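> Let's see this in three dimensions:
(one chain, ligands or ions: 1)
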Amino acid sequence: MPIMHDACGCRAAARDFALSGAEAHYPPDLELEPTHLEIDLRLDLVEQTAQGTVTTTVDARRAGPRAVRLHAVDFELLAVRDGGGRSLTYRYDGRVLVATWAEPFAAGESRQLQIDYRVQRPVTGLFFSKPGPGAENAPWFAATDHETERARHWLPCVDLPNVRPRLDFKLRADARFTILANGALLAETGHDDGSKTAHYRLEQRCPSYLTCFAIGEFVRFEDGEHQGKPIAYFATKEFEPSHLKRSFGRTPEMLTWLTKKLGCELPYPKYYQFALPGFGGAMENISLVSWDDVFVLDERLAEEWSWLVDQINIHEMAHTYFGDWVVCRDFAHAWLKESWATYIESCWLEDNVSRDEADYDFFANASAYITEADERYKRPIVTRTFDHSWSLYDRHLYPGGACRLHMLRRLLGDEVFLACRKGLSADVWR
Ligand SMILES: [Zn+2]
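Numbering: from 1, shown residues only. Okay, here's the model as predicted:
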């Protein structure tokens, strides 16, 4: 996600980064690790509900454990079963679900957990929109936005980035809607009741904060392909396809530059972007980047904001590698994604605009970081002690980390610095 560098001139009082009672955060042990999710849900955009079954495949890393613990906020639980359809013992307090098998797992054993549930218009994570009184022109959609820990409001999961299951989506909705999700579309099947089911599969591993779907009445612009992988953009019917081309049309060129710069091909089966109202920024969901539709440009706005949309576009695309492909084990190491994505913005300017623009971008990054450090707080770039993981997404993380990466590049020289990119091609990340 990008951060905006506002020009606020007020001087806030210096304070500590975290409250005095803040605790250290660590990723959970994975003695039972969710390795695959089948997300089989029906989205009713009139009633604004999601209902169905999520089947989690759980692999045991050692012998002995019997219980798996999932985040699941405000679910109406209908059933908790094992892979054979037998009821499992479970506890649920409205936030965490603990399902327990009678027999312990053997080391290396794999079992399935099926959760039937329903959520209606969650407070966050899954957002619905429909026309109604006073909002007759409101668009139809249901779409997700998670960073950092909001998938749990509609998806039963370990909602932290060291858990990265592969995904199958079977999403059913009214047939007039476009259905998008991470990965490749394998099939769309119509039903007699006027609905359809889209089956998307993501064969690469995906943490919960990058899991995404979007369903709605969308316009679409197909923008060719990159190495055989389709590129397309989507927005609500308020816009024309030409708006999408004007806004995101440099995407193919950026993909060509970035894959060459990093020496690593696009690891995912498509590069789609969608824009909806109220999304507040942009988010690098695997193969399905989301945007606030304030960034969908008409001719007048393009004169002022094309540079900004390009900057955000390359930032989210950089996350394809720094964040999506190489995932931080926990949010304490979010520099691995945000510092890098911010620094890649400067590299894009250096190679494609001018050295002056890149130098100015570095100056802006340094100024933004130093202002926060002088006027708000100073913190280590990597710290486990925070109030909430979202608190880490500050100017220390984005421009502060980018400045450190630039310093490393200058100390090491381009040849050594860029040689590190070879690590991106390693199979270890799959
Ligand atoms: Zn970002």
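
> now whichever residue of the stretch 251-400 of the chain sits closest to the ion, nearest residue through space, not along the chain?
Ranking the residues of the stretch 251-400 of the chain by distance to the ion (Cβ to the ion) places Ala341 first, at 4.4 Å. In short, each C-beta sits where N, CA and C put it, glycine included. Spatial nearest neighbour of Ala341, chain neighbours left out: Ala318 (4.2 Å); criterion: Cβ to Cβ, 6 or more residues apart in numbering.

> could you check the distance from the residue of the stretch 251-400 of the chain closest to the ion over to Gly323?
Applying Cβ to Cβ, to the nearest Å, the value for Ala341 to Gly323 is 7 Å.

> what residues do the two have in common as contacts?
Residues touching both Ala341 and Gly323 (Cβ atoms under 8 Å, 6 or more residues apart in numbering) are Glu284.

> Please tell me I have it right and the residue nearest to Ala341 contacts Glu345.
Yes. If you go by Cβ atoms under 8 Å, Ala318 and Glu345 touch, sitting 7.5 Å apart.

> more neighbours, the two?
Neighbour totals were compared for Ala318 and Glu345, and Ala318 leads with 26 against 23 (other Cβ atoms under 10 Å).

> residues touching the more buried one, list them.
Contact partners of Ala318, counting by Cβ under 8 Å, 6+ apart, are 258, 340-341, 344-345.

> Get me the contact residues on the stretch 101-250 of the chain for the ion.
On the criterion Cβ under 5 Å from the ion, the ion has no neighbours in the stretch 101-250 of the chain.

> Let me know how buried whichever residue of the stretch 101-250 of the chain sits closest to the ion is, in neighbour terms.
Proximity to the ion, evaluated over the stretch 101-250 of the chain using Cβ to the ion, is greatest for Glu147 at 8.6 Å. Residues lying near Glu147 (other Cβ under 10 Å) number 21.

> cool, and the one 5 residues further on?
Burial of Arg152 is recorded as 25 neighbouring residues (other Cβ under 10 Å).

> which one is it nearest to, not counting chain neighbours?
Using Cβ to Cβ, 6+ apart and skipping the chain neighbours, the partner closest in space to Arg152 is His71 (3.6 Å).

> name the element the residue nearest to Ala341 belongs to?
Element membership for Ala318 (DSSP states H and E) is helix 299-319.

> if we can go back for a sec, now the contacts of Ala318 as JSON lines including distance to Gly85?
Listed next are these as JSON lines, based on distance: Cβ to Cβ, whole Å:
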{"residue": "Leu258", "distance to Gly85": "46"}
{"residue": "Trp340", "distance to Gly85": "45"}
{"residue": "Ala341", "distance to Gly85": "44"}
{"residue": "Ile344", "distance to Gly85": "48"}
{"residue": "Glu345", "distance to Gly85": "50"}
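
> just the residues you listed now: which is nearest Glu203?
Nearest to Glu203 out of these is Leu258 (Cβ to Cβ; 21.6 Å).

> circling back: could you point out which element follows the helix holding Ala318?
helix 335-352.

> tell me which residues in the next helix or strand after that next one are buried?
Under the assignment DSSP H and E, the closest C-terminal helix or strand after helix 335-352 is helix 355-375. Of the residues in helix 355-375, 358, 361-362, 365, 368-369, 372 count as buried by neighbour count, 16 or more other Cβ atoms under 10 Å.

> residues in contact with Leu262?
321, 421, 424.

> can you rerun that using 10 Å?
318, 320-322, 325, 344, 347, 418, 421-422, 424-425 (Cβ atoms under 10 Å, 6 or more residues apart in numbering).

> Look up how far Phe322 lies from it.
Separation of Leu262 from Phe322 (Cβ to Cβ) stands at 9 Å.

> Mutual contacts of the two, please.
Here Leu262 and Phe322 have 344, 424 as joint contacts, going by Cβ under 10 Å, 6+ apart.

> just checking, what packs against the lowest-mean-pLDDT helix or strand in the chain?
Ranked by mean pLDDT, DSSP states H and E, the weakest helix or strand in the chain is helix 414-419, scoring a mean of 88. Applying 3 or more Cβ pairs under 10 Å, 6 or more residues apart in numbering; DSSP states H and E, one finds that helix 414-419 contacts helix 401-412.

> and Val416, how many neighbours?
Close neighbours of Val416, defined as other Cβ under 10 Å, add up to 11.

> Also Gly423?
11.

> Pretty sure it sits against Val326.
Yes. Counting by Cβ atoms under 10 Å, Gly423 touches Val326, with 7.9 Å between them.

> I'd say Arg81 and Asp116 touch.
Yes. Arg81 lies in contact with Asp116 (Cβ under 10 Å); the separation is 7.6 Å.

> Overlap in contacts, those two.
Common contact partners of Arg81 and Asp116 (Cβ under 10 Å, 6+ apart): Thr53.

> wait, what's in contact with the closest residue to Pro139 other than its chain neighbours?
Nearest residue to Pro139, sequence neighbours excluded (Cβ to Cβ, 6+ apart): Thr236, at 3.7 Å. Counting by Cβ under 10 Å, 6+ apart, Thr236 touches 129, 137-141, 216-219, 274-277, 293, 296.

> count of neighbours near the residue nearest to Arg152?
19.

> Repeat that for Pro252.
15.

> wait, what's in contact with it?
The contact partners of Pro252, by Cβ under 10 Å, 6+ apart, come to 223-226, 231, 271.

> which residues touch the residue in the stretch 1-150 of the chain that the ion sits nearest to?
Closest to the ion within the stretch 1-150 of the chain is Met1: 4.4 Å, counting by Cβ to the ion. Residues counted as contacts of Met1 (Cβ under 10 Å, 6+ apart) are 145, 147-148, 209, 280-284, 290, 312, 315-316, 319, 323, 337-338, 341, 393, 398.

> Now do it, the pLDDT please.
Listed pLDDT for Met1 reads 74.

> Would you mind stating the distance between it and Glu338?
For Met1, the distance to Glu338 equals 8 Å [Cβ to Cβ].

> list residues touching both of the two?
Here Met1 and Glu338 share the contacting residues 315, 319, 323, 393, 398, scored by Cβ under 10 Å, 6+ apart.

> Narrow those residues to just the buried residues.
Neighbour-count burial (16+ other Cβ under 10 Å) applied to these gives 315, 319, 323, 393, 398.

> Relative to Arg61, which of those residues is nearest.
Gly323 (24.9 Å).

> mind listing what the residue nearest to the closest one when sequence neighbours are not counted touches?
Excluding the flanking residues, the one nearest Gly323 by Cβ to Cβ, 6+ apart is Lys337, at 3.3 Å. Counting by Cβ under 10 Å, 6+ apart, Lys337 touches 1, 147, 161, 284, 318-319, 321-324, 326-328, 331, 397-398, 401.
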